[in-house]
Structure formats: structure tokens, C-alpha cells
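S.K.: got a sequence here, can you model it:
(one chain, ligands or ions: 1)
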Amino acid sequence: MKQPRTYLDWNATTPLRPQARDAMIAALDVTGNPSSVHAEGREARRLVTEARAALAAALGAEPRNVIFTSGGTEANVTSLAPGLRRGGGPAVARLLVSAIEHPSVLAGGRFPADRMARIRANRDGVVDLADLAARLADGPPALVSLMLANNETGAIQPVAAAADLVHGAGGLLHVDAVQAFGRMPILISELKADLVTVSGHKIGGPKGVGAVILAGDVNGPDPLIAGGGQEQGRRAGTENVAGIAGFGAAATAAMAALAAETGRMATLRERLERGLRQYPALEVFSQRTERLPNTSLVAMPGLRAETTVIALDLAGVAVSSGSACSSGKVTSSHVLAAMGVGHDLAAGAIRFSLGWDTTEADVDRALEAWRTVSGSLAKR
Ligand code: PLP
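M.R.: Below is the predicted model of the structure:
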């Protein structure tokens, strides 16, 4: 009999929501190009327009301020653009990013390396606002990029407080909300962000579609992909209609279920951590700070993440070692390094991430597998 699988790697990607699948299948049969004026084209345009309205409603933005992209990575690189400004304010001339950002932000987007600096994080995996303030005071207006929730630890960042500092210094704030979207309520006005990145496949939509959401008074960013006039000239190329339709449907479903799903995930995560805390040497990272309800990054001295992930996989449990955005690559986590976690402990970090169809049985199976695997691996 085939062994049941327990998927606890929702921060890497999520299963497709049925609403997203239905919307995508329907969209695949729409012939028109959204740029065409005939009825077929208008039908395709309607799907893109509906999805745009769904994303805008989910984040409290204007539909015209939603730019669809090929995913979170492209949305981040699009957002990190020199020359961005608010209204008639000064253009940003440099980029500040926290040391715990996703690699697509750490790479700096379209800023040259010598116009970029990193902001420290503390041992709990939270950005150091005093360091941000000092950096802002030391140079021209900056674009600052901070994630709302970290993909490895789940730690929620003080984005609105950072926005006050950034705006006070004449800068702009970009927020990578890829992990937070669908796992906590997000309104662009409450974040006080100027640009927000979201991605389809972390909320039960398809992979390969994302969006930049702009606050009302932001000028820019210049298109990363120039050409045709799609997305109001801000992202050229015929739209991924089925992907966008699936993203919109997933956003609507995720928003409708948000309170119920986050409550369930928090209860299950607590069950998981209660079980894991039976191991006195185990550390749960960022546990003293506010975290996403679905994420637990843990490490136990003596365990190596690569072997633990493989052993858990063989036991039917899918988890990842630290960041799994480019799985297969075994490098130790830059997030844990930025938190000051020693290499030996960091090299054993395992991320459990839960989702809306995780059950108590999944959590218990993961704990049982952890007991077997940690016992046998630690003996070596
Ligand atoms: N930002 C964060 C925080 C992420 O966790 C990820 C992916 O894991 C991305 C950006 C990239 O998104 P995408 O996979 O849609 O390119």
C-alpha cells in the first residue's frame, strides 16, 4: 500500500486551491488575447480585470495599481528600481535591504552594488530599526526593502514603524509580502508601504505568477520588461491569462478563509512545537517574537539538515532545510547567519511549514518521524 505523505513545506509552495484550478481550466479555453478589441479578446481581458480587482481588494489597493508579473522574484526585481518617487518628491538614489531578505531582494534588483547596503537583524530574526534609522540619516533618499514575514523563521517585521522612519527621511518602502499574504491580514495602507510584492503559489494559486501592488501616489517603477503596452506599459508581454485568473481566484478564496485557516494553523503549530519541545536541546528560532501562525524553524545540535530532510522524506514527511526556494542547493542559511546563530546549529535547521489542509494526524506523523529520525541520526 502506498504510504500516506505529510506535506509540511507550505512556505516553499502550496497545493492549488480548487477555486484556482477551476478558474485556470476555464481560462485555458478562452481564445482571445487580452489586448484584442474583438469579443474573444474582451473575454480574456475580463478574466485579467477580475483577477486584478480580486488582488486589489485583498490588499486594499486600487485595481490600476496592480502590476502582474511572472512571480514574486520578478515583482521584487521590478520594485527595486532607482528613480522611484512619491508624487513630486525626490527620486530614490540608493537601496537599503535587511540582511534576512529573500535572495531576489538581496541581489539588489536594478541598483548597482555600490548603491546598496544591508540593515542588521537581531537574534530573534527581526530587523534592527536603530540600524535602519542610522543608515537613513547617512545619505540621500533611499528605497528600503523589508519583508513582512521571513520565509525561514516566519518572524514578522515591524514594517509600519520602518515606514515612518523611511518616509521621514524622504525615502520609499517596498515590502515583500510573499510569505505573509494569505497568512495574516494585509492592507497596503496599514503597512504604510509604497510597493508590495505578492506571489500566486504561496496562497494556493499557480506557480509563475505574482504582482507588484503600488500605493496611490508612487511614480514608477520603470518596466523591467519593456515592449508592448500591457499592464499600462509597466510590464510588457501577453498576459499569462490562466495563471492570472488562478491567482485572482486563489486570492479571493484565501481572503474568505483567512481567519479560520490562520486559527487552525496556529493550533496545529502549537501541537507540533509542544511535541518538539520534548527534546531539551532543540531550539525553535524566533519563538520570542511574533511569527506567522504556520512556520517553525528548529535545530538540534548534532543533526545535519541535509540528512534529516532526506530521512524525514523517506519516512513520508516533506520539510525543508532552512530556505527551500532553490531546493537541492545545500548552503547554510543567510537568515540564521544574520541572526548570529552559530554555523553548527544553523547547519541543522529544519523548517516545518503548515497550511490549510494540514491535519492533527499530519503533525503527529511528523513528530513520530522526528522521534525516529533524530534518534537514529544523533547516534552516528
Ligand atoms: N520572497 C519571499 C519571501 C519568498 O519566500 C519567495 C519564494 O519562496 C519569493 C520572494 C519568490 O517568489 P517566487 O517563487 O514567486 O518567485
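
S.K.: residue boundaries of the strands in the chain?
M.R.: Here the chain has its strands, by DSSP state E, at 6-7, 66-69, 85-86, 94-98, 116-119, 142-147, 172-176, 195-199, 210-214, 218-219, 283-284, 295-299, 317-318, 350-353.

S.K.: so what strands line up beside the fourth one?
M.R.: Taking DSSP bridges as the criterion, strand 94-98 pairs within the sheet with strand 116-119 (parallel), strand 142-147 (parallel).

S.K.: that one and the ligand, any residue contact?
M.R.: No: using CB under 6 Å from any ligand atom, strand 94-98 never reaches the ligand; the gap is at least 11.4 Å. C-beta: built from backbone N, CA, C; applies to glycine.

S.K.: what angle do that strand and strand 172-176 make?
M.R.: 40 degrees (axes from the mean of the first three to the mean of the last three CA atoms, to 10 degrees).

S.K.: distance between strand 94-98 and the chain's centre?
M.R.: 18 Å (CA atoms, centre = their mean, to the nearest Å).

S.K.: using CSV, write down the CA coordinates of it.
M.R.: Output of strand 94-98 as CSV, limited to C-alpha atoms (Å, rounded to 0.1, in the frame of the first residue of the first chain):
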residue,chain,number,x,y,z
ARG,A,94,20.2,54.1,-3.1
LEU,A,95,18.8,50.8,-1.7
LEU,A,96,18.7,49.5,1.9
VAL,A,97,17.6,45.9,2.5
SER,A,98,17.6,43.9,5.6
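
S.K.: ok, residues contacting that strand?
M.R.: Residues outside strand 94-98 that contact it (CB atoms under 8 Å, 6 or more residues apart in numbering): 80, 82, 105-106, 108-109, 111, 115-121, 127, 132, 135-136, 139-140, 142-147, 157, 338.

S.K.: if we use 6 Å, what do you get?
M.R.: For strand 94-98, contacts defined as CB atoms under 6 Å, 6 or more residues apart in numbering pick out 105, 108, 111, 115-117, 119, 121, 127, 135, 139, 142-146.

S.K.: ChimeraX command to pick out the buried ones of these?
M.R.: Selection of buried members from the contacts of strand 94-98 for ChimeraX, criterion 16 or more other CB atoms under 10 Å:
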select :105,108,111,115,116,119,121,127,135,142,143,144,145,146
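
S.K.: closest to the ligand out of the contacts of strand 94-98?
M.R.: Val105 (7.1 Å; CB to the nearest ligand atom).

S.K.: need the contact list for the closest one.
M.R.: So Val105 contacts 76, 97, 145, 176 (CB under 6 Å, 6+ apart).

S.K.: between the residues you listed, which sits nearest the ligand?
M.R.: In terms of CB to the nearest ligand atom, no member of these lies closer to the ligand than Asp176, at 4.7 Å.

S.K.: now for that closest one, how many residues are close by?
M.R.: The number of residues packed near Asp176 is 32, by other CB atoms under 10 Å.

S.K.: surely it and Thr197 touch.
M.R.: Yes: the criterion here is CB atoms under 6 Å, and Asp176 meets it with Thr197 at 4.7 Å.

S.K.: shared neighbours of those two, which are they?
M.R.: Asn76.

S.K.: any regions of the stretch 1-150 of the chain where pLDDT drops low?
M.R.: Applying pLDDT under 70 to the stretch 1-150 of the chain picks out residues 1-2.

S.K.: residues from it in reach of the ligand?
M.R.: Proximity of the stretch 1-150 of the chain to the ligand (CB under 6 Å from any ligand atom) is limited to residues 71-73, 76, 102, 104, 147.

S.K.: state the pair within these that is farthest apart.
M.R.: Within those, Gly71 and Met147 form the most distant pair, 15.4 Å apart (CB to CB).

S.K.: what residue in this structure comes nearest to the ligand?
M.R.: Gly72 (2.4 Å).

S.K.: okay, now that residue: neighbour count?
M.R.: Gly72 sits with 28 neighbouring residues when counted by other CB under 10 Å.

S.K.: mind listing what it touches?
M.R.: By CB under 6 Å, 6+ apart, the neighbours of Gly72 are 178, 197, 199, 210.

S.K.: wait, doesn't the third one sit right on Ala177?
M.R.: No: here Ser199 does not reach Ala177: they are 9.0 Å apart, not a contact under CB under 6 Å.

S.K.: need the pLDDT of Arg269.
M.R.: The per-residue pLDDT reported for Arg269 equals 98.

S.K.: from Ile186, how far out is Ile203?
M.R.: The gap separating Ile203 from Ile186 is 11 Å, by CB to CB, to the nearest Å.

S.K.: how about Ala346, nearest residue that isn't a chain neighbour?
M.R.: Spatial nearest neighbour of Ala346, excluding adjacent residues (CB to CB, 6 or more residues apart in numbering): Leu336 at 3.9 Å.

S.K.: same check, this time on Arg17
M.R.: Using CB to CB, 6+ apart, the closest residue to Arg17 is Gly204 (3.4 Å).

S.K.: name all residues that make contact with the one you found.
M.R.: Applying CB under 6 Å, 6+ apart to Gly204 gives the contacts 14, 17, 20, 250.

S.K.: name the pair among those with the greatest separation in space.
M.R.: The most distant members of these, if one measures by CB to CB, are Thr14 and Ala20, lying 9.9 Å apart.

S.K.: tell me which of those two has more neighbours.
M.R.: Between Thr14 and Ala20, counting by other CB under 10 Å, Ala20 is the more crowded of the two (29 against 24).

S.K.: the more buried one is in contact with Ala250, isn't it?
M.R.: Yes: using CB under 6 Å, Ala20 is in contact with Ala250, at 4.1 Å.

S.K.: who touches both of these two?
M.R.: Common neighbours of Ala20 and Ala250 (CB under 6 Å, 6+ apart) are 204-205.

S.K.: could you find the closest non-adjacent residue to Ala311?
M.R.: Using CB to CB, 6+ apart, the nearest residue to Ala311 is Val373, at 4.3 Å.

S.K.: any idea how many residues pack against the one you found?
M.R.: There are 22 residues near Val373, going by other CB under 10 Å.
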